[in-house]
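Asker: Coordinates for the following, if possible.
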Amino acid sequence: MAQDRPMVEDLHGVWWRTLVREADGSTDRATAVSWIQGPSLFGDLRQPPGLVELVGRAALSTLDRPQLLALCEQKGFAGTFAQQGDAFGWVRRIDLHPPAPLADAGTLRWEGEVLVEEGLHENYLEHWVAVERPSEAPAAALFEDPAQGCAGVLVRAGSWFAYARDRSVLLPAQSLSLPLSPLLPPLLPLSLAEQVSGCGTRAEAAALLDCEVSIGRVRAGRWEIVRSTLPNRVGGQLAPELNGDGDGLRIQDADPQGRARPRSWRLARVEGPARLLAAR
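Answerer: Numbering: from 1, shown residues only. As a prediction, the model looks like this:
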């Protein structure tokens, strides 16, 4: 940490955000934000205070519309972290929300033990502190589920893990409610909350929210989920197992009704020691 500017390999581990200052000058220290960084793949979960008390641990299919809309206030994404010169970028392969118009990119520097991030395309500042800097190299994998048409990410750093699974339904690409004209700015996607509000049924709304980004701990061979975009997943076990050929991974998943179901992933890319991605 003697250098003012970190490299990607300096950031392997688990980070907790202690402060964000937005473009309007407002600050937030209450949102629970965890960032787990592997060799390049990462997972990030951000949940506002009071969400757990409002929603509990119920399955998506049992939540009413206000509770489903409350879940839209959280953020969860996973993908690839890369450096180009002094700039760092987080390419979101999986995202609870529709794509943002600007790339997620910023500069990073050390201020003592604090990692300071400043936005390149947006005017924000964030402070991060290390929760765990693993002595062993982290591991991560990018998955594909051809049967469901979705992708997944698993990152293991020390005793922590991040698991992300995309929804099986596609979010609408953009709103077509405005007239198309070269004199108008490009149309932006409807927000997740707008899309959930516009669904005709709760089942349709729940399907849009069925995107998992979970944070958990590995203890005595148990991969326990401690926070998740899906309330019913909290307290559950991921239980990852590599298959005999080493080209697939099986985890314990759940459907929108909260029913347990195993899911078999095909490994598209593995980073670091693959053995760390299995239960032990």
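Asker: now Ala239, what's its secondary structure?
Answerer: Here Ala239 is coil, with the state taken from DSSP: H, G, I helix; E, B strand; the rest coil.
Asker: Now do the same contact list for it.
Answerer: Shown here is Ala239, whose contacts under the criterion CB atoms under 8 Å, 6 or more residues apart in numbering are Trp223, Ile251, Gln252, Ala279. C-beta coordinates here come from the backbone N, C-alpha and C atoms, glycine included.
Asker: Against Ala274, how distant is it?
Answerer: 16 Å (CB to CB, to the nearest Å).
Asker: what does the helix or strand of the chain with the lowest mean pLDDT rub up against?
Answerer: Least confident helix or strand, the chain: helix 51-55 with a mean of 91, by mean pLDDT, DSSP states H and E. Contacts made with helix 51-55 from outside it, assessed by CB under 8 Å, 6+ apart, are listed as Leu63, Gln67, Ala70, Leu71, Glu73, Gln74, Pro231.
Asker: Just the buried positions in it, please.
Answerer: When neighbours are counted by 16 or more other CB atoms under 10 Å, the buried residues of helix 51-55 are found to be Leu51, Val55.
Asker: and the next element down the chain from that helix?
Answerer: Along the chain past helix 51-55, the next helix or strand (assigned with DSSP states H and E) turns out to be helix 65-71.
Asker: Okay, buried residues for that next one please.
Answerer: Residues of helix 65-71 classed as buried: Gln67, Leu68, Leu69, Ala70, Leu71 (neighbour count, 16+ other CB under 10 Å).
Asker: Could you single out the nearest of the residues you listed to Met7?
Answerer: Met7 lies nearest to Leu71 out of the buried residues of helix 65-71, by CB to CB, at 35.7 Å.
Asker: if I look at the spatially most central residue of the chain, how far off is Ile94?
Answerer: Among the residues of the chain, the smallest C-alpha distance to the mean C-alpha position (CA atoms, centre = their mean) belongs to Phe77, namely 2.8 Å. Plainly put, Phe77 is 6 Å away from Ile94 if you go by CB to CB.
Asker: list residues touching both of the two?
Answerer: Contacts common to Phe77 and Ile94, judged by CB under 8 Å, 6+ apart, are Ala164, Val213.
Asker: which regions of the stretch 51-200 of the chain lie under the pLDDT threshold?
Answerer: Per-residue confidence for the stretch 51-200 of the chain (pLDDT under 70) gives these ranges: 173-188.
Asker: mind redoing it with 90?
Answerer: Within the stretch 51-200 of the chain, the ranges that satisfy pLDDT under 90 run 52-53, 56, 85-86, 100-101, 134-136, 145-149, 168-190.
Asker: give the contact list for Leu102.
Answerer: Shown here is Leu102, whose contacts under the criterion CB under 8 Å, 6+ apart are His121, Glu122.
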